[in-house]
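Participant: Below are the sequence and a predicted model for it; my questions follow.
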Amino acid sequence: MLRNLNLNEFDIASIQEPYLNPVKLANMSKLRQYWDVIYLTDHHNSLEQSQVIMLINKRLSKNNWHIVLIKSPNVMAIKLTDDFRKVRIYNIL
């Protein structure tokens with residue numbers, strides 16, 4: 001599925017129940033080349049497996065999106081901003 005994400009068509013992908021390798025990361029070799037992989041707030045501090053991740057196309061400026069802090073293994077969000085509006089996108093399992 002991740003190989004089929006067209007970088008020219010999609011800017012954000014919300015993934016539920018992602019495959020995570022033994023060190024709890026979603027590391028496909030080319031994934032990080034084109035996408036910022038966003039994990040849950042407590043992903044690296046929790047023994048629970050993350051149930052959701054988000055991919056943000058690297059062509060989106062990091063100045064225009066921010067992680068919304070949510071303490072849950074099943075919910076995450078980002079906030080997109082520009083000069084005139086703010087939008088939150090949630091990924092909920």
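Facilitator: That came through fine.

Participant: Could you pull out the helices in the protein for me?
Facilitator: For the chain, the helices defined by DSSP state H occupy 31-34.

Participant: quick one: contacts for the residue nearest in space to the middle of it?
Facilitator: Closest to where the C-alpha atoms of the chain average out (CA atoms, centre = their mean) is Met54, at 1.8 Å. Met54 sits next to 12-15, 37-38, 76, 78, 89, 91 when contact means CB atoms under 8 Å, 6 or more residues apart in numbering. All C-beta spots, glycine's among them, are computed from the backbone N, C-alpha and C.

Participant: Nearest spatial neighbour of it, chain-adjacent residues omitted?
Facilitator: Ile38 (4.3 Å; CB to CB, 6 or more residues apart in numbering).

Participant: show me the contacts for the one you found.
Facilitator: 53-56, 67, 76, 78.

Participant: could these go into CSV alongside distance to Asn4 and pLDDT?
Facilitator: Output for the contacts of Ile38, formatted as CSV (distance: CB to CB, whole Å; pLDDT from 0 to 100):
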residue, distance to Asn4, pLDDT
Ile53, 17, 86
Met54, 17, 91
Leu55, 12, 91
Ile56, 17, 93
Ile67, 25, 93
Met76, 22, 91
Ile78, 22, 95
